[in-house]
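Enquirer: Sequence unavailable; structure follows:
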C-alpha cells in the first residue's frame, strides 16, 4: 500500500480480541486476551485492517467524572511512519470531545514526541520494572486478602475519579488477588508474560516495599510493576531488591484537569489503564 492511499479507520468489536492480542504480542506487551476483551466491551477501540489482518489499533476507555484513558496505540512495523498512530489518536480525541471527556495517556518516549504536538501536556512520570526471581525466597507469613471495595475506595482517592468497573473486573479474573498489609494494598493479576502488580497504595514507602516483598515470595513470577517515579524511596528500594527498570512512561493529559487527586500512588494499574 502506498503512503498516499486512503486509510480507513474502523471501530472494532469483541470479536477482534484475538487479532488485537496478536498485535500487542508482536510489540512485546504484557496485555492478555482478558485485557483486550475489556477494552472492546467497555471502551471504544479503533483499528486498521489489511485484508483480514489487524495492523493498527488504539483504545479509549471512559472513567467517571469526565475522564478517559487512551492506550493500545499499536502499529505493526511494516505500516509505521505513515501517520497512522496520529490518525488513530485523533479518532480517540474526536470521540472524547463528542462526549465531553478529558483524556489521559501514559506514553513511551517515542509516543510523547507524537502526543506533545497534538496538545497533550506532561504530568507525572512512571518507570516500568521487572523482576524474574526474588533475591530472598524465604517464605513469609500468608498475606491478608482484601476486598475490591477497599481497593476501589483508596484508588478513587488517588486518581480523583472512580474506576469501579475496571478494578472489579480485574479482581474477578482467575488468578487475581487483592492483598493488604500494614497500611498498603494492591492488586495482582495475570498478564501475557508476567504477573502485574498495581495499583499500589500505601501510607509510606516502607509499607509498600514490605507488601511487594511478601507478594514476590508468596507466588511464582516473573512480575511487572509500573512505579511512580517521584516515589523515590520506593523506586530505589525495588532496585535494591533486584527489580530492573525496563522503560519510562510519561503520563500526559489533553484538556484541563477535571478532578483533584488525593494521595499519590506508589504504582499504577498499568500504562494501558492508568
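Expert: In hand now; what should we look at? These numbers were taken from a predicted model, which means no experiment stands behind them. Numbering: from 1, shown residues only.

Enquirer: quick one: the strands in the protein?
Expert: Secondary structure of the chain (DSSP state E): strands at 10-11, 44-50, 53-62, 67-75, 102-107, 121-131, 144-145, 177-181, 184-190, 195-202, 223-228, 244-254.

Enquirer: Tell me which residues of the third one come out buried.
Expert: If you call a residue buried by 16 or more other C-beta atoms under 10 Å, then strand 53-62 has these buried ones: 54-62. Backbone N, C-alpha and C define where each C-beta goes, glycine included.

Enquirer: and the angle for that strand with strand 67-75?
Expert: 170 degrees (axes from the mean of the first three to the mean of the last three C-alpha atoms, to 10 degrees).

Enquirer: Can you tell me which helices and strands strand 53-62 packs against?
Expert: helix 17-26, helix 33-42, strand 44-50, strand 67-75, helix 84-98 (3 or more C-beta pairs under 8 Å, 6 or more residues apart in numbering; DSSP states H and E).

Enquirer: If you compare the directions of the fourth one and helix 17-26, what angle comes out?
Expert: When you say that, I think you mean strand 67-75. Angle of strand 67-75 versus helix 17-26, following the same axes, to 10 degrees, is 70 degrees.

Enquirer: so where's the stretch 101-250 of the chain shaky on pLDDT?
Expert: Applying pLDDT under 70 to the stretch 101-250 of the chain flags the ranges 139, 141.

Enquirer: And for the residue nearest to residue 162 when sequence neighbours are not counted, the neighbour number?
Expert: Using C-beta to C-beta, 6 or more residues apart in numbering and skipping the chain neighbours, the partner closest in space to residue 162 is residue 64 (4.2 Å). Neighbour count of residue 64, defined by other C-beta atoms under 10 Å: 14.

Enquirer: and residue 64, what does it touch?
Expert: 161-163 (C-beta atoms under 8 Å, 6 or more residues apart in numbering).

Enquirer: distance of it from residue 152?
Expert: The gap separating residue 64 from residue 152 is 11 Å, by C-beta to C-beta, to the nearest Å.
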